[in-house]
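*Asks:* what's the 3D shape of this:
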Amino acid sequence: MTVFIVIAALLVVGALVLLVPPLFGFGVRRLAEQDVGAYQARSALAVLREQLADLDAELAAERISEDQYQRTREELERRALDEGQAESAALAARPARAWALALVVLVPLVAALVYLQTGSLAGLDPAKTAVPEGGQQITQEQVEQMVANLAERLKSEPDNAEGWFMLARSYNALGRFDEAATAYATLAKLVPDEAQVYADWADALAASKGRNLAGEPEQLIDKALALDPNNVKAIALKGSAAFQQGDYAQASSVWERILTLLPPDNELAQSIRQGIAEARQRGHLPPLAAVPAPAAGGGAGVTLSGELSLAPELAGKVSADDTLFVFVRPVGGGMPFAILRHTVADLPLKFDFKGVPSMAGNRPIPAQVVIGARISKSGNASAGAGDVEAAPLTVKPDAAGVKLVLNQELGGAAAGAAPAPMAAAGGISLSGELSLAPELAQKAAPNDVVFIFVRPVNGGMPFAVLRHTVADLPLKFDFNGVPSMAGNRPIPAQVAIGARVSKSGRAGAAAGDLEAPSVTVKPDASGVNLVLKVERTS
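*Replies:* This is a model prediction of the structure:
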């Protein structure tokens, strides 16, 4: 673990020193020693929090032993305590640093991904990545070999989206931007509707072209924004592209959108305002009039409170010492903003997230979040058969009086409800027919690509994807035997299935594409009928 902290710190400092100044052709002032130390502490803490969640997932997937898990967790918790006591200080940089902050936000995540490759990915021998007794650090050559091992592994696992994600980030961290861009291109085919993938792809592609965002990088940025207009990195890059082209009014206008998504006291928001000020000065525009209101909750973060109880019918399914997680996460899924950990013995439980350490990092807290709870039989964060869950609720991040009931056994049914079994271990076996509405027949060419995808009801990475062409329509589809993209995610009792004709041939949705509205069904449903009848206008 000491090795990881060294590598993470080197990546954070090294990447910022080497990548941020040339990002858009502007320098960053030399930082005071105390500022560098404070930034490293904050970055390390963010990485450590992510690693703890990843560590639970690794144990659940049986990629590490219980002994390795306990040793690593103890070290993570010790490091988190040490880093959490570090004094906070603001980075002193020129106003022109605003567009570089998008990269700064992601550098700690890159370090975490290198940790995943060096410390816990399946297929790597932990003995080969351990620190020798003499304390010798892992060399650059060893790190690059680990990345090469991951790349080799993906040749036999081409549909492993998580692997491609980590490979792309690792290439980026090593400055191998051409290869990073290629890896992101592959990842985009596997997760066609993830805006962050296109934003990261655009960033890597621009880096491979001397930080020039014109052309294909900007097209990728536009795709990201079409999928998620509030993606902060994509917005930052869009403004940076305008700044590079000398369109300072447009750069200012685009960056101002970020201020509506962040709390006013957020460090990134403060830096964005400085960048806007420089853009407006260069464009001979009046200063920014006022600070926009925060997205939600006055910037206070997550302060949710309420009560959690266990359905009496399931009391016999759990033990007093079973681990209980209460979590708050984005509506569309993703890394939690905050987690509370208890045991079943604490139930019924009054919970309050006020003062709970945040895992949001620089992510803005949106106006709506999802709160859920789960009793983990294994004690790990990853869901597993036999766990008991509360149906998630969408609420404001400062909501009070929220009531959750643990009434759903994974692999079983909600207490008091008709049985709704989880999908079989084999994964998705949906089947049905897909057709094209006659009135849209002239809108599609025979060689246009058709994607049929199954994903979580609330969005997120698909569980499985089929690829055809319009010439195959009408077609009968069957997901039985299709390679799964679910990874360690359990297949829920209900999934969403949809389809799209892509005019560009790429998975990201765009104007002119034809879509079949998504339908919520069981993962083993048959006779599903989808009709491509909607033309996208944006």
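
*Asks:* Doesn't Leu466 belong to a helix?
*Replies:* No: going by DSSP: H, G, I helix; E, B strand; the rest coil, the assignment for Leu466 is strand, not a helix.

*Asks:* Could you check how many residues crowd around it?
*Replies:* 17 (other C-beta atoms under 10 Å). Backbone N, C-alpha and C define where each C-beta goes, glycine included.

*Asks:* In the stretch 201-350 of the chain, what residue spans correspond to strands?
*Replies:* All strands of the stretch 201-350 of the chain, identified by DSSP state E, counting those that start in this stretch, fall at 305-310, 323-329, 338-343, 349-352.

*Asks:* Tell me what angle the following helix or strand past the shortest one forms with strand 338-343.
*Replies:* Downstream of strand 349-352, the first helix or strand assigned by DSSP states H and E is strand 369-376. When axes from the mean of the first three to the mean of the last three C-alpha atoms, to 10 degrees is applied, the directions of strand 369-376 and strand 338-343 differ by 30 degrees.

*Asks:* Check which residues of the following helix or strand past strand 369-376 are buried.
*Replies:* Later in the chain than strand 369-376, the nearest helix or strand by DSSP H and E is strand 388-395. Across strand 388-395, burial judged by 16 or more other C-beta atoms under 10 Å covers 388-390, 392-393, 395.

*Asks:* Among the residues you listed, which one lies nearest to Leu259?
*Replies:* Set against Leu259, the nearest of the buried residues of strand 388-395 by C-beta to C-beta is Val395 (24.6 Å).

*Asks:* Quick check: can you list the domain ranges of the chain?
*Replies:* 1-173, 298-409, 431-535 (automatic domain parsing).

*Asks:* For the stretch 301-450 of the chain, which residues score under the pLDDT cut-off?
*Replies:* The stretch 301-450 of the chain contains residues with pLDDT under 70 at 332-334, 360-362, 380-383, 411-427.

*Asks:* can you rerun that using 50?
*Replies:* 412-426 (pLDDT under 50).

*Asks:* just the chain next, same as before
*Replies:* 1-47, 81-137, 291-300, 412-426.

*Asks:* At which residues are the helices of it located?
*Replies:* Under the criterion DSSP state H, the chain contains helices at 2-23, 33-60, 66-84, 101-119, 126-129, 140-156, 161-173, 177-190, 195-208, 216-227, 232-244, 248-259, 267-282.

*Asks:* hmm, back to that, and the strands of the stretch 201-350 of the chain, which is most packed in?
*Replies:* strand 323-329 (a mean of 21; mean count of other C-beta atoms under 10 Å).

*Asks:* Next, the angle strand 305-310 makes with that one.
*Replies:* Using the same axes, to 10 degrees: strand 323-329 against strand 305-310 is 140 degrees.

*Asks:* Output the contacting helices and strands for strand 323-329.
*Replies:* With contacts taken as 3 or more C-beta pairs under 8 Å, 6 or more residues apart in numbering; DSSP states H and E, strand 323-329 sits against strand 338-343, strand 349-352, strand 369-376.

*Asks:* Mind doing that once more with 7 Å?
*Replies:* Secondary-structure packing of strand 323-329 (3 or more C-beta pairs under 7 Å, 6 or more residues apart in numbering; DSSP states H and E): strand 338-343, strand 369-376.

*Asks:* May I see those organised as JSON lines, with distance to Val528 added?
*Replies:* Output for the helices and strands packed on strand 323-329, formatted as JSON lines (distance: least, C-beta to C-beta, whole Å):
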{"stretch": "strand 338-343", "distance to Val528": "36"}
{"stretch": "strand 369-376", "distance to Val528": "27"}
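
*Asks:* between those strands, which one is nearest to Gly505?
*Replies:* Going by C-beta to C-beta, the one of these nearest Gly505 is strand 369-376, 33.7 Å.

*Asks:* ok, that closest one: who's next to it in the sheet?
*Replies:* strand 323-329 (antiparallel), strand 388-395 (antiparallel) (DSSP bridges).
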